[in-house]
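[1] 3D model of this:
(one chain, ligands or ions: 2)
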Amino acid sequence: MISTFYEKIVGTSPPPEPSEPKVLCVGLSCLDIVQLCKHYPQEDSDQRCIDFRYQRGGNACNSCTVMSQLGQPCEFLGVLSNEQFSQFLQDDMRKYKIDFLHCPIMENGGCPTSVVILSMSTGSRTIIHHDQNQTEITLSDFEKLNLENYSWIHFEGRNISEVLLMMQHIENYNKSVTQRDSETNEKLSRYTPITISVELEKKRPELLDLLPYADVAFISKDFAKSRGYLNMSETLKNVSHDAKTGATIFSAWADRGAMALAPDGTIVQCPAFPPHKIIDTLGAGDTFNAAILYYLNKEKLAFKKDYSSNASDSIKMTIQQNYNIESSEKCQTEFIDQAVLQEAITFGCRLTGAKIGLQGFDGLSSIYKNYL
Ligand SMILES: Nc1ncnc2c1ncn2[C@@H]1O[C@H](COP(=O)(O)OP(=O)(O)O)[C@@H](O)[C@H]1O
Ligand SMILES: O=P(O)(O)OC[C@@]1(O)O[C@H](CO)[C@@H](O)[C@@H]1O
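    Ligands and ions are numbered 1, 2, ... in the order given. The predicted structure follows:
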């Protein structure tokens with residue numbers, strides 16, 4: 001039996017929605033058990049580590065932690081449960097002012113857990129994950145959202161077929177808010193279309209099926225390596241063949257920094273900003289993604305152009321027949337030019353460089369204030 005947190009705890013009246021639209025992150029929240037080791041351990045050895053902690057993790061959830069510290073209203077959507085560690089995750093989201101009111105709560109469900117080994121000698125983070133048979137967010141969970149409350153929706157590439165349906169649901173919404181009255185040419189809605197982003201992180205080639213629906217895509221180095229790409233430019237070049245026309249694509253690559261493809265086809269790049277001492281690389285990619293979402297979403301909201309003026313320019317993209325879905329929308333990326341993209345990627349690399357000099361995510365808000 002699944003109910004939402006809202007139905008279970010809050011009752012019937014909906015909570016007041018913020019005046020500023022939120023960024024929604026759909027994906028995983030899990031428990032991270034982090035062991036800080038001097039060196040990566042040898043198999044079948046017995047040793048002590050330097051430190052131990054547990055914290056809330058998961059790509060989408062970590063990105064919310066970072067955005068919340070930057071002052072961005074954000075919401076997490078993922079499956080939660082009544083189990084004690086899942087309660088810990090929920091308490092922690094409250095602490096960080098991350099909205100999770102629409103998360104389905106699985107009675108008798110478990111809590112996905114990762115054991116993470118941080119190596120002080122190399123700065124690596126090794127993640128061993130168990131999903132505790134947790135189910136994933138489906139279209140029917142997603143349909144309960146009022147999309148007017150969001151300016152940007154980010155998906156972790158996970159349950160591909162359902163994520164595709166959710167992306168298509170957003171496209172339909174976007175069509176409805178950009179419609180005009182045929183006689184007066186007046187816009188029929190005061191809402192702005194939603195920008196869709198996706199992260200291809202896990203080493204699963206099927207994740208490429210999500211690209212034709214994304215306005216913005218993040219390609220992790222793990223995914224890129226699993227495809228045989230040796231560097232960021234090779235990644236962008238290859239992946240762009242599967243992407244929507246006008247999409248913005250990011251490739252982040254640890255100490256090499258990051259590179260991005262702009263909607264007009266130009267490439268921008270930024271080196272990494274390593275801290276004095278690397279303390280904790282867990283969640284570096286999630287921090288980078290959050291910084292980009294934050295920066296580009298602010299640019300989007302500041303962008304005064306009428307979003308529906310070029311509606312007739314829409315392009316038809318057909319994706320893999322096994323999903324039998326068509327994408328006919330234009331990219332929601334008009335606000336991204338080369339200069340904006342360069343600023344965004346520099347902000348992303350700077351913030352992430354600062355994060356890996358910290359334990360966990362606390363302290364990012366003061367770093368951000370200094371950055372401004
Ligand atoms: N060792 C490092 N030195 C400096 N910056 C780093 C380092 N590792 C990660 N970063 C920063 O974090 C971003 C994302 O890192 P990456 O390792 O690709 O993510 P993930 O956590 O997904 O493996 C990089 O683009 C870079 O800016
Ligand atoms: O940014 P990274 O370091 O790649 O992601 C870290 C992380 O989100 O990924 C795991 C789930 O795959 C979580 O246990 C952990 O918090």
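[2] and the residue in the stretch 251-372 of the chain that ligand 2 sits nearest to, how many neighbours does it have?
    Using C-beta to the nearest ligand atom, the closest approach of the stretch 251-372 of the chain to ligand 2 is made by G285 at 3.4 Å. The way it works is simple: take the backbone N, C-alpha and C, and place the C-beta from them, glycine included. Other residues lying near G285 total 21 when counted by other C-beta atoms under 10 Å.
[3] wait, it sits on A252?
    Yes: at 6.1 Å, G285 counts as touching A252 under the criterion of C-beta atoms under 8 Å.
[4] so what sits against both of those two?
    Common contact partners of G285 and A252 (C-beta atoms under 8 Å, 6 or more residues apart in numbering): F218, S220.
[5] doesn't L118 lie inside a helix?
    No: the assignment for L118, made by DSSP: H, G, I helix; E, B strand; the rest coil, is strand rather than a helix.
[6] correct me, but it touches C37?
    Yes: L118 is within contact range of C37, at 6.6 Å (criterion: C-beta under 8 Å).
[7] give me the more crowded residue out of these two.
    Just comparing L118 and C37: by other C-beta under 10 Å the higher neighbour count belongs to L118, 23 against 18.
[8] near ligand 2, which residues of the stretch 1-150 of the chain?
    Residues of the stretch 1-150 of the chain lying near ligand 2 by C-beta under 6 Å from any ligand atom: L28, C30, D32, G57, G58, N59, N62, S114, R125, I127, H129.
[9] mind running it again at 8 Å?
    Within reach of ligand 2 by C-beta under 8 Å from any ligand atom, the stretch 1-150 of the chain has these residues: 28, 30, 32, 55-59, 61-62, 112, 114, 116, 125, 127, 129.
[10] before we move on, what about the stretch 151-300 of the chain?
    So the stretch 151-300 of the chain meets ligand 2 at 201-202, 220, 222, 281-289 (C-beta under 8 Å from any ligand atom).
[11] okay, these in a markdown table with secondary structure and pLDDT next?
    Below are these laid out as a markdown table (DSSP: H, G, I helix; E, B strand; the rest coil; pLDDT from 0 to 100):
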| residue | secondary structure | pLDDT |
| --- | --- | --- |
| E201 | coil | 95 |
| K202 | coil | 92 |
| S220 | coil | 97 |
| D222 | helix | 95 |
| T281 | coil | 95 |
| L282 | coil | 97 |
| G283 | coil | 97 |
| A284 | helix | 97 |
| G285 | helix | 97 |
| D286 | helix | 98 |
| T287 | helix | 98 |
| F288 | helix | 98 |
| N289 | helix | 98 |
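[12] report the buried members of those residues.
    Neighbour-count burial (16 or more other C-beta atoms under 10 Å) applied to these gives E201, K202, S220, T281, L282, G283, A284, G285, D286, T287, F288, N289.
[13] ok, the closest residue to E20 other than its chain neighbours - contacts?
    Of all residues not flanking E20 in the chain, P73 sits nearest, at 5.5 Å (C-beta to C-beta, 6 or more residues apart in numbering). The contact partners of P73, by C-beta under 8 Å, 6+ apart, come to P18, E20, P21, K22, V23, D99.
[14] residue in the stretch 51-200 of the chain nearest to ligand 1?
    Taking C-beta to the nearest ligand atom, ligand 1 has its nearest neighbour within the stretch 51-200 of the chain at G123, 5.2 Å off.
[15] can you name the helix or strand that the most centrally placed residue in the chain falls in?
    Nearest residue to the geometric centre of the chain (C-alpha atoms, centre = their mean): H154, 4.6 Å. H154 belongs to strand 150-156 when assigned by DSSP states H and E.
[16] adjacent strands (with direction) for that strand?
    Strand 150-156 has the following sheet partners, assigned by DSSP bridges: strand 22-26 (parallel), strand 195-200 (parallel).
[17] related to what we said a few turns ago, what's across from the residue nearest to the centre of the chain in the sheet?
    Note on H154: beta-bridge partners C25, S197, judged by DSSP bridges.
[18] thanks a lot, see you next time.
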